[in-house]
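Visitor: can you look at this prediction? I've put the sequence above it.
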Amino acid sequence: MDVTEAIEDINEKHLGPWAKICSSSGVTSTPLSPYIHGEALTKRHVALDGTKLANSGFKEFAHSEPTKEAFLQILNDFADLNMFPKSSLL
């Protein structure tokens with residue numbers, strides 16, 4: 001199976017159920033999507049050293065690492081804006 005075929009299978013598997021969940025929850029418009037772009041699965045390595053960011057006056061990140069709590073807060077914010085199905089929250 002090539003990457004393009006895998007991406008098509010992945011998108012086919014997830015887009016329909018996502019639309020159904022959103023529809024049944026009253027979510028009519030959302031920037032969130034399970035769609036995956038082909039570039040996301042190709043070997044494109046990106047390395048950043050942060051020099052340009054540091055030189056722009058940036059001090060530090062608000063969160064040093066992703067946490068379940070921070071992720072759930074983001075999802076709850078989207079749910080409050082009716083952009084994520086509340087029925088899908090943990």
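Guide: Sure thing, it's come through.
Visitor: measure the residue lying farthest from the centre of the chain to His63 for me?
Guide: What lies farthest from the middle of the chain is Asn55; by Cα atoms, centre = their mean that is 28.5 Å. Taking Cβ to Cβ, to the nearest Å as the measure, Asn55 falls 22 Å from His63. For the C-beta atoms, the positions are set from N, CA and C on the backbone; glycine is no exception.
Visitor: tally of neighbours for the closest residue to Lys86 other than its chain neighbours?
Guide: Spatial nearest neighbour of Lys86, excluding adjacent residues (Cβ to Cβ, 6 or more residues apart in numbering): Ala79 at 4.6 Å. Number of residues near Ala79 (other Cβ atoms under 10 Å) recorded here: 18.
Visitor: quick check: Ala79 touching Gln73?
Guide: No: assessed by Cβ atoms under 8 Å, Ala79 is found out of contact with Gln73, at 10.6 Å.
Visitor: return the residues in contact with the residue most central in space within the chain.
Guide: For the chain, the residue sitting closest to the mean C-alpha position, by Cα atoms, centre = their mean, is Leu32 at 6.5 Å. By Cβ atoms under 8 Å, 6 or more residues apart in numbering, the contact set of Leu32 is Phe78, Met83, Phe84.
Visitor: and the pLDDT for it?
Guide: Leu32 carries a pLDDT score of 95 in this model.
Visitor: just say helix, strand or coil for it.
Guide: Assigned with DSSP: H, G, I helix; E, B strand; the rest coil, Leu32 falls in the coil class.
Visitor: measure it to Lys68 for me?
Guide: According to Cβ to Cβ, Leu32 and Lys68 sit 18 Å apart.
Visitor: having no further points to raise, I will conclude here.
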